[in-house]
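**Q** What follows is a protein structure lacking sequence information:
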Ligand SMILES: Nc1ncnc2c1ncn2[C@@H]1O[C@H](COP(=O)(O)OP(=O)(O)OP(=O)(O)O)[C@@H](O)[C@H]1O
């Protein structure tokens, strides 16, 4: 792995919708091979931050550096081709397309080299259920399976940086475990940097190398899982 591969560095980011500024002075780093968790109550700006990293929202101030280059003004397309994979909140798969067709769409975002190689076998190893259901329509899958498909679709392009927005939200416990195992295996592979929005403090601190807590659009606490005190995090997570 090249040293800067997958590295993300946000500095002094300000972003929002029209006149309403949601993120204020957000600085954050994800190193190659790391899992970094972003925590915070509902509505504090976690999704807005993910969208800004993906290029779907243009920041008013600050910089986004990725893989050693300034990506602040680059299009979402270019970010995807450069290896940023995004799994948005709420499994936006295509219900009328088959599982395989959904996965092939993930390849569209990939670099030419990855596109040529096709869907990597490693994706089916991570999600064996999808291989069994390859020709079923996405809409026929359970909610948890759709979430697995949504993550698999991002993995198909073999990203260097994976943005996961609350992948465990609203999913039955058995599938939560499956998804946690996949995130653990991604971490063990050490090929990808992961920025994970996660509400479960237990899982976040067990998997993350580093955690950030966002409140009202600002980072209010950060640290490695062993230095960030539970009390500190809970204070900002409590309603
Ligand atoms: N398209 C939009 N236009 C205007 N305001 C928006 C839009 N999307 C989100 N917001 C506002 O931005 C703020 C942050 O929302 P965001 O979705 O980033 O929060 P979040 O931390 O991801 O919350 P949740 O956990 O509920 O998804 C909220 O006040 C929300 O109402």
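**A** Noted; the coordinates are in hand. Everything numeric in this text was worked out from a predicted model, so none of it was measured.
**Q** What residues sit buried inside the helix or strand harbouring residue 235?
**A** Assigned by DSSP states H and E, residue 235 belongs to helix 230-237. Across helix 230-237, burial judged by 16 or more other Cβ atoms under 10 Å covers 232-233, 236-237. Yep, even glycine has a C-beta here, placed from its N, CA and C like the rest.
**Q** Repeat that for stretch 124-133.
**A** Using 16+ other Cβ under 10 Å as the test for burial, stretch 124-133 gives 124, 126-127, 129-130, 133.
**Q** Could you do stretch 213-226 as well?
**A** Within stretch 213-226, the residues scored as buried using 16+ other Cβ under 10 Å are 213-215, 217, 219-222, 225.
**Q** Same list (the residues you listed) but as CSV, adding distance to residue 43, secondary structure and pLDDT.
**A** CSV is the format used below for these (distance: Cβ to Cβ, whole Å; DSSP: H, G, I helix; E, B strand; the rest coil; pLDDT from 0 to 100):
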residue, distance to residue 43, secondary structure, pLDDT
213, 14, strand, 94
214, 10, strand, 95
215, 10, strand, 93
217, 10, coil, 96
219, 16, strand, 96
220, 15, strand, 93
221, 18, strand, 92
222, 20, strand, 93
225, 25, coil, 80
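**Q** For this structure, which residues are neighbours of the ligand?
**A** Within reach of the ligand by Cβ under 6 Å from any ligand atom, the chain has these residues: 17, 20, 22, 40, 42-48, 89.
**Q** Show me those residues that map onto strands.
**A** Per DSSP state E, strands hold the following members of the residues of the chain next to the ligand: 17, 20, 22.
**Q** Name whatever forms a beta bridge with the second one.
**A** Per DSSP bridges, residues listed as beta-bridge partners of residue 20: residue 17.
**Q** can you count the residues close to it?
**A** 6 (other Cβ atoms under 10 Å).
**Q** Which pLDDT value belongs to it?
**A** Reading off the confidence values, residue 20 has pLDDT 92.
**Q** again with the first one
**A** In the prediction, the pLDDT value recorded for residue 17 is 95.
**Q** try residue 167
**A** pLDDT at residue 167 comes out at 92.
**Q** burial count for it?
**A** Burial of residue 167 is recorded as 22 neighbouring residues (other Cβ under 10 Å).
**Q** hang on, the earlier thing: farthest-separated two in the buried residues of stretch 213-226?
**A** 217 and 225 (23.4 Å; Cβ to Cβ).
**Q** Leaving out chain neighbours, which residue sits closest to residue 74?
**A** Counting by Cβ to Cβ, 6 or more residues apart in numbering, the nearest residue to residue 74 once its immediate chain neighbours are dropped is residue 55, at 6.3 Å.
**Q** Wait, a strand at residue 158?
**A** No - Residue 158: not assigned to a strand; according to DSSP: H, G, I helix; E, B strand; the rest coil it is coil.
**Q** What residues does it make contact with?
**A** By Cβ atoms under 8 Å, 6 or more residues apart in numbering, the contact list for residue 158 reads 83, 110, 114, 120.
**Q** Buried ones among these?
**A** Those of the contacts of residue 158 that meet the buried threshold are 83, 110, 114, 120, by 16+ other Cβ under 10 Å.
**Q** Out of the residues you listed, flag the one nearest to residue 74.
**A** Nearest member of the buried ones among the contacts of residue 158 to residue 74, counting by Cβ to Cβ, is residue 83, at 12.3 Å.
**Q** any idea what sits nearest that closest one, other than its immediate chain neighbours?
**A** Once flanking residues are discounted, residue 83 sits nearest to residue 160: 3.6 Å by Cβ to Cβ, 6+ apart.
**Q** Many thanks, have a good one.
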